[in-house]
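**Q** Give me a model of this one.
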Amino acid sequence: MKQQSLEATGFEVYRKKTRKEIFLDEMNQIIPWKELSDAIKPYYPKPPKGAGRKPVGLERMLRIHFLQHWFELSDPGAEEALYDSRAMRLFVGIDLGKEPVPDETTICKFRHLMERHNLGGELFRLVNVYLEENGLKVSRGTIVDASIINAPSSTKNKDKQRDPEMKQTRKGNQWYFGMKAHIGVDSKTKLIHSVVVTPANVHDSQVLEDLLHGDETRLWGDSAYAGLKEVLKERAPNAKDFTQRKAYRNRPLSDQERSSNRFKSKIRSRVEHVFGVLKGQFGYKKVRYKGLDKNAHAVFTKCALANIVLAKRHLQPV
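**A** Numbering: from 1, shown residues only. Model prediction:
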C-alpha cells in the first residue's frame, strides 16, 4: 500500500462521519466496479507506448462520473467539489499531497465517451444482471409510470430558441417544457427493469409496450394507462390489468370503483419511491444537457445507480 500524505490522514481527533461519507462508503462496498469498468475498457484510451501523458485510471473516472449523477454536478462543478470535499476525494482515491484532481476537460471527455458509445444503457443492463445474481430477480408484477424532467424554457441564449428536441405538455392546469422518463418497476423489489425517454408531449400510454418484460401476471399503473387491454394482451398475454379506472365527464366513478382504485394505489404508489430517489435524493429535476440523446444517457445511468441505492440493504455485507 502507498503511504498516505498528511493531507489524506490529517490531525482531526474529533472528526465525525457525515451522511455523505457514510453513503459513499456504502456505494464503494456494493458497486461491482470491475464488471462496470470492463464494459468501458474497450473504448477507453490506452496508455501511450512512448513518452506522453497517461490517461487517468478508468475506475477513478467512473467514480467521478457517478459522483456527478449522485450530487447533480456539472463537469467544472465536479472538479470544484473534489477539491472542496474530503469525502469525495477519499471515494475517488485522490491524495492532494501527491496529485491534483482531474480537470474539468478530462471529466468532460470521459462523459462524452460514455455518451458516444451509449454506455449508460450498458451500465443499466449490467447492474440489473448483478442484482439478479445476488437474488433480486424480477417478479411477475410490473408498475409503470412516467415523470416530467424540466428543461430551460427561456430563449435568452445564443440561438434565441429553446431546445428543439424538448416539448411542452399540460398537466392539470400547468404547462411544462422538457422530456419524460418512463419506467417499468418491479412491484416486489421496486427495482427498475425498463426505461424509455421521450419528449414531454408523448402520452404515457404510447410507450407501455416497451416498459413490459412480457412475463407479467399483473400490471399496475395510474389512469393514464387505462383501456390498453389490446397492448397488454399482445405484449404480456398472461397479465391481469390492475391499472386505475378513469372517470369521464359524463360517467363519474362509482363507489366500488373508487374503493378499487384506493386498493390499487397501495401497490402502484411504490413507483413513487423510485422517483423519490431520482428526484429527491439525486436532485434530478432538470435536464443538464441539450438534446434528447445526451439526457437519455443520463437517465439510464441514474436509473442504474438508483437500483443500487434501492437494493442497498440486500447487497451490504453482513
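**Q** Can you give me the neighbour number for residue 297?
**A** Using other Cβ atoms under 10 Å, residue 297 has 23 other residues around it. Just so you know, the C-beta spots here come from the backbone N, C-alpha and C atoms, and that holds for glycine as well.
**Q** Same check on residue 204?
**A** Each residue near residue 204 was counted by other Cβ under 10 Å, and the total is 19.
**Q** what's the closest non-adjacent residue to it?
**A** residue 224 (4.1 Å; Cβ to Cβ, 6 or more residues apart in numbering).
**Q** Would you mind measuring from the one you found to residue 205?
**A** Residue 224 sits 6 Å away from residue 205, going by Cβ to Cβ, to the nearest Å.
**Q** again with residue 85
**A** Applying Cβ to Cβ, one obtains 43 Å for the distance of residue 85 from residue 205.
**Q** still on that earlier bit, list the contacts of the residue nearest to residue 204.
**A** If you count contacts by Cβ atoms under 8 Å, 6 or more residues apart in numbering, residue 224 has them with 146, 203-205.
**Q** Please pick the buried ones from the residues you listed.
**A** Applying 16 or more other Cβ atoms under 10 Å to the contacts of residue 224, the neighbour count classes 146, 204-205 as buried.
**Q** Make CSV out of those residues and add secondary structure.
**A** Formatted as CSV, the buried ones among the contacts of residue 224 follow (DSSP: H, G, I helix; E, B strand; the rest coil):
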residue, secondary structure
146, strand
204, helix
205, helix
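**Q** Now render those as a markdown table, adding distance to residue 231 and pLDDT.
**A** A markdown table is the format used below for the buried ones among the contacts of residue 224 (distance: Cβ to Cβ, whole Å; pLDDT from 0 to 100):
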| residue | distance to residue 231 | pLDDT |
| --- | --- | --- |
| 146 | 15 | 96 |
| 204 | 12 | 93 |
| 205 | 8 | 93 |
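**Q** quick check, nearest of these to residue 297?
**A** Relative to residue 297, the closest of these is residue 146; by Cβ to Cβ it sits at 18.2 Å.
**Q** give me the number of residues near residue 282?
**A** Neighbour count for residue 282, taken as other Cβ under 10 Å: 17.
**Q** Might one say that it is in contact with residue 72?
**A** Yes. Here residue 282 reaches residue 72: they are 6.4 Å apart, a contact under Cβ atoms under 8 Å.
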